[in-house]
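Novice: What follows is a predicted structure for the sequence shown.
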There are 4 protein chains.
Amino acid sequence: MKQKVMRDEISPVEAPGRGRPRNQQTHDAILDAAREVLRLHGYAGFSIEQVAALAAVSKTSIYRRWPSKGAILIELYMEGLPDEAISESAKSLKAELRRYLLATVERLQDLEWRTILSSLVAESQYDESTAAMLRDKVVMPRRESGLRLLRHAQERGEIEADIDLEVILDMLFGPIWYRLLFVHARIDADFAERLLAQVNLALFYKERVGKAKKR
Amino acid sequence: MKQKVMRDEISPVEAPGRGRPRNQQTHDAILDAAREVLRLHGYAGFSIEQVAALAAVSKTSIYRRWPSKGAILIELYMEGLPDEAISESAKSLKAELRRYLLATVERLQDLEWRTILSSLVAESQYDESTAAMLRDKVVMPRRESGLRLLRHAQERGEIEADIDLEVILDMLFGPIWYRLLFVHARIDADFAERLLAQVNLALFYKERVGKAKKR
Amino acid sequence: MKQKVMRDEISPVEAPGRGRPRNQQTHDAILDAAREVLRLHGYAGFSIEQVAALAAVSKTSIYRRWPSKGAILIELYMEGLPDEAISESAKSLKAELRRYLLATVERLQDLEWRTILSSLVAESQYDESTAAMLRDKVVMPRRESGLRLLRHAQERGEIEADIDLEVILDMLFGPIWYRLLFVHARIDADFAERLLAQVNLALFYKERVGKAKKR
Amino acid sequence: MKQKVMRDEISPVEAPGRGRPRNQQTHDAILDAAREVLRLHGYAGFSIEQVAALAAVSKTSIYRRWPSKGAILIELYMEGLPDEAISESAKSLKAELRRYLLATVERLQDLEWRTILSSLVAESQYDESTAAMLRDKVVMPRRESGLRLLRHAQERGEIEADIDLEVILDMLFGPIWYRLLFVHARIDADFAERLLAQVNLALFYKERVGKAKKR
DNA sequence: TGATAATCGAGACGGTACGTCCGGTCTTGAC
DNA sequence: GTCAAGACCGGACGTACCGTCTCGATTATCA
């Protein structure tokens, strides 16, 4: 539902009044072909030309729907988005962060998904509009819901008021993108747990002091 | 010195006796032009053709020296590398990390430098050989010297033996690349200090517990 | 009419319904530019790149129409072909040969035309497909209609049945190409007349004997 | 002997005074490689670069000896020239023409030889200096000795004084080049005999008239 | 014997052209 | 107004040769 709304902002459905209506099959064929090309040849082989050929669709039909390669990638991202979104109203920060990180990492086991994300990063270096979409549709929504989650935790005293929330977010998301792009180490559940453990040391530093006192 | 050696591994100096020697001016003109093209038009405008034109050099002369755009970018990286490298034998981990992060962040004030790095990431999604160079010349050396620095600190008891060093490294480097690529927030000395503060919470968690006890 | 058909065999007109139709102006501009480049710089300067530049047309637009330089040359030949073709049903062999040779020689006064022909010969040494086109479109049609003309003359008794027609054709066409390619002597109406006079000595040797007898 | 002199005019042996003398093996290796490249890949693959590579010789060593591809081809022609030259002082024109044509045709059974000649024609369309050499070294010498042969025959009354000698030469040489370049028909002894038969009809037309009278 | 000089290979150099691919736009006839 | 098809210009790709040049090393003659 929400995804639909977001997609529609990219390729808005105009009032279907006049003329021949767009073919939904064409739409799907394009996205399927895009996924297939990414899967087979990676970002390097991901050209509009190739996608059109594989979808048995004219280039025009692609450009009519999406203004650029980046927009297609964003669409693929939107469609692939699982319901992993951070639940801002979760009762336990610790539990919600764990749930979210494990879900994210689970999703990233899929090579196709990793390719979509890394292609988005690459394309956004080329094309400013892709960079903007990447920020607006991918990066910032996550940061914002994460921020709200953290704020709620602060408000109910789960974490201290002096925690540097922005940097905490960088420490949560940054390492994942880092491993995704440079592939120097695995991104798996173990990594998620260990990353979370370190972040928790920063998030709950006071709590630890308290526990220590009690001993 | 060290950079020279590393550069030579990319464009190795063959036995200098044979044939007309390469012209150092040509070499420099190409790299200067590459920097200029990146500066003026970013990664999107960075084509061998443009670089050759701007350097008033034939394409052949470029391909003779570097096999790909990625290799040129790596060379630019190598040349631009300041002496910011992590000093593995530093006496104070805390001080050395701070010095390194501030130097890194200082370097990243330069738009040209940021463009080189983000272009490298983009190009490495296209081209596996660039990805390999990026790993071998940029990412891993930093991680390895960082790892050694952390190990020395462990050995002399500055930090605990149970610290998850790999993840600490991800938390140090990841957020910087993350901000570099998505440009959602500034990368400045303040960021460096705040990032370090959070990481220190994880690195020195025991120390804090001790201090708390004393009170 | 016949030329049209022949040209179409080189760049066949596919079912005209589909897609944006080819631009006739582009077509003409390319051929005009090709002629101009040949005129200005000869075969040596005749490159697709130059033609494209002069025609203000992309290289793609040329390659879409003709697969090779040779094919363009053949097209220029076809377009330039005057209605000099041998009339196979002519009543007088002697008169028809004279008419044809004089027309041919007249056409060869044009440097542009000579360049097209000699370029075709040169290119056909490079490229087997050009050689095939040169044979099929230029050399053999002339030989075949010449052969038919000679046969008709034999049938109606204008020349003897034992005349070696193939060699007669070599003697008619060979010397012209020979002078065209080596430029050791002029190709003009005088040459045509003198060549014809010699060939007639072979063609009508019996007649001569007859005339001589009568004296 | 004569050929040697002619070759030397192309790559003259300067007074062997100072400096390291040229290596004859290098000279031979280049020409052998040139022949080999022509044999294997035809005129299309005949590049200085390829010849140098195959001869295991530097390009400089080739350019030091011959100014152009055409000059090498001329050299190959010179070396391959058999002692087929027209003997100007032959007693019988008819016999000498027959001997010469049969020798020529015999030589042309060799594909390598045909390739050298047709390459020369192609190259001479590119390069004016090759055209000049082709005229001076190949075409005109044959024509001139042929012309002298014919004149001697005229002087001693073997043929009539009114014969058009220039055109006779065109009719002897033209058809051979014609078949060589367009490969529409074989060049063999049979062709030589038949061509000669036709030319003889022109050369000895009076003689025939005479014979006819006698009957 | 040592200076001089042309050779040798290797290969860098600036150019030009090749034929292909892709981007993004435009044009057509059919639906 | 959408659809498939495909032409259009422009730009870049990486490669092949061109003919020139620069090098260190070699091999001769001449002083």
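Specialist: That came in fine, so what should we check first?

Novice: Please make it C-alpha for all contacts and neighbour counts, starting now.
Specialist: Fine.

Novice: Look at residue A:21 and say how many residues are nearby.
Specialist: 9 (other CA atoms under 10 Å in any protein chain shown).

Novice: in stretch A:78-96, what counts as buried?
Specialist: A:78, A:86, A:87, A:88, A:93, A:94, A:96 (16 or more other CA atoms under 10 Å in any protein chain shown).

Novice: List, one by one, the residues from chain A near DNA strand E.
Specialist: Residues of chain A found near DNA strand E (CA under 7 Å from any atom of the strand) are A:20, A:45-50, A:59-60, A:63, A:67-69.

Novice: Can you tell me how far residue A:73 is from chain B?
Specialist: 14 Å (CA to the nearest CA, to the nearest Å).

Novice: ditto for residue A:134
Specialist: In terms of CA to the nearest CA, residue A:134 sits 8 Å off from chain B.

Novice: Need the phi and psi values for that residue.
Specialist: In terms of degrees, to the nearest 10, the main-chain angles of residue A:134 are phi -60, psi -40.

Novice: Compute the number of surrounding residues for it.
Specialist: 23.

Novice: Could you measure from residue A:125 over to residue C:156?
Specialist: Separation of residue A:125 from residue C:156 (CA to CA, to the nearest Å): 82 Å.

Novice: residue ranges with poor pLDDT in chain A?
Specialist: For chain A, the stretches flagged by pLDDT under 70 are A:1-20, A:83, A:207-215.

Novice: hey, where'd the helices end up in it?
Specialist: Here chain A has its helices, by DSSP state H, at A:2-10, A:24-41, A:48-55, A:59-65, A:69-80, A:93-107, A:111-126, A:128-133, A:140-155, A:165-182, A:189-203, A:205-214.

Novice: So for residue D:25, which of these sits nearest?
Specialist: Closest approach to residue D:25 among the helices of chain A (CA to CA): helix A:24-41, 51.8 Å.

Novice: what packs against the closest one?
Specialist: helix A:48-55, helix A:69-80, helix A:111-126 (3 or more CA pairs under 8 Å, 6 or more residues apart in numbering or on different chains; DSSP states H and E).

Novice: Can you list the neighbours in contact with the shortest one?
Specialist: The set of residues that contact helix A:48-55 without belonging to it, under CA atoms under 8 Å, 6 or more residues apart in numbering or on different chains, is A:26, A:29, A:30, A:32, A:33, A:34, A:37, A:58, A:59, A:62, A:69.

Novice: in it, what counts as buried?
Specialist: In helix A:48-55, counting by 16+ other CA under 10 Å, buried: A:48, A:51, A:52, A:54, A:55.

Novice: got it, and stretch A:34-44?
Specialist: A:34, A:35, A:36, A:37, A:38, A:39, A:42, A:43.

Novice: hang on, the earlier thing: who's more crowded, residue A:125 and residue C:156?
Specialist: More neighbours surround residue A:125 than the other of residue A:125 and residue C:156, with 23 against 10 (other CA under 10 Å).

Novice: Please report the distance of the residue nearest in space to the middle of chain A from residue A:96.
Specialist: Centroid check for chain A by CA atoms, centre = their mean gives residue A:138 as the closest residue, at 4.6 Å. Shown here: residue A:138 relative to residue A:96, a distance of 19 Å by CA to CA.

Novice: next one: residue A:203
Specialist: On the measure of CA to CA, residue A:203 and residue A:96 end up 14 Å apart.

Novice: Around the residue nearest to residue A:129 when sequence neighbours are not counted, count how many other residues there are.
Specialist: The shortest distance from residue A:129 to any non-neighbouring residue, by CA to CA, 6 or more residues apart in numbering or on different chains, is to residue A:70 (7.8 Å). Per other CA under 10 Å, the neighbour tally for residue A:70 reads 25.

Novice: How about the contacts made by residue A:70?
Specialist: So residue A:70 contacts A:120, A:123, A:124, A:127, A:129, A:130 (CA under 8 Å, 6+ apart).

Novice: and if we set it to 7 Å?
Specialist: A:120, A:123, A:130 (CA atoms under 7 Å, 6 or more residues apart in numbering or on different chains).

Novice: residues near the residue of chain A found nearest chain D, how many?
Specialist: Using CA to the nearest CA, the closest approach of chain A to chain D is made by residue A:45 at 33.1 Å. Other residues near residue A:45 come to 15 when the count uses other CA under 10 Å.

Novice: how near is it to residue D:22?
Specialist: 54 Å.

Novice: Residue A:39 now?
Specialist: 61 Å.

Novice: How far off centre is stretch A:103-116?
Specialist: A distance of 10 Å separates the C-alpha centroid of stretch A:103-116 from that of its chain, computed with CA atoms, centre = their mean, to the nearest Å.

Novice: So is it next to chain B?
Specialist: No - shown here: stretch A:103-116 not in contact with chain B (CA under 7 Å from any CA of the partner chain), separated by at least 8.9 Å.

Novice: Show me the contact partners of that stretch.
Specialist: A:38, A:39, A:42, A:73, A:77, A:84, A:187, A:188, A:189, A:192.

Novice: is any part of stretch A:170-184 close to chain B?
Specialist: Yes - on the criterion CA under 7 Å from any CA, stretch A:170-184 is in touch with chain B at A:170, A:171, A:174, A:175, A:177, A:178, A:182.

Novice: Show the buried residues in the contacts of helix A:48-55.
Specialist: By 16+ other CA under 10 Å, the contacts of helix A:48-55 give A:26, A:29, A:30, A:32, A:33, A:34, A:37, A:59, A:62, A:69 as buried.

Novice: Quick check: the spatially closest residue to the fourth one that is not a sequence neighbour vs residue D:29, distance?
Specialist: Spelled out, that is residue A:32. What sits nearest to residue A:32 in space, not counting adjacent residues and going by CA to CA, 6+ apart, is residue A:55, at 7.6 Å. Between residue A:55 and residue D:29 the distance is 56 Å, computed by CA to CA.

Novice: what do you get for residue A:163?
Specialist: 81 Å.

Novice: before we move on, what about residue A:29?
Specialist: In terms of CA to CA, residue A:29 sits 61 Å off from residue D:29.

Novice: what residues are up against the residue nearest to residue A:175 when sequence neighbours are not counted?
Specialist: Nearest residue to residue A:175, sequence neighbours excluded (CA to CA, 6+ apart): residue B:174, at 4.3 Å. Applying CA under 7 Å, 6+ apart, we find residue B:174 in contact with A:174, A:175, A:178.

Novice: so the second one makes contact with residue B:171?
Specialist: It refers to residue A:175. Yes - using CA atoms under 7 Å, residue A:175 is in contact with residue B:171, at 5.8 Å.

Novice: Pull up the residues of chain A that are close to DNA strand F.
Specialist: Residues of chain A lying near DNA strand F by CA under 7 Å from any atom of the strand: A:18-24, A:26-27, A:56-61, A:64.

Novice: Go through the residues you listed and name the one nearest residue A:199.
Specialist: Nearest to residue A:199 among these, with distances taken as CA to CA, is residue A:27, at 42.1 Å.
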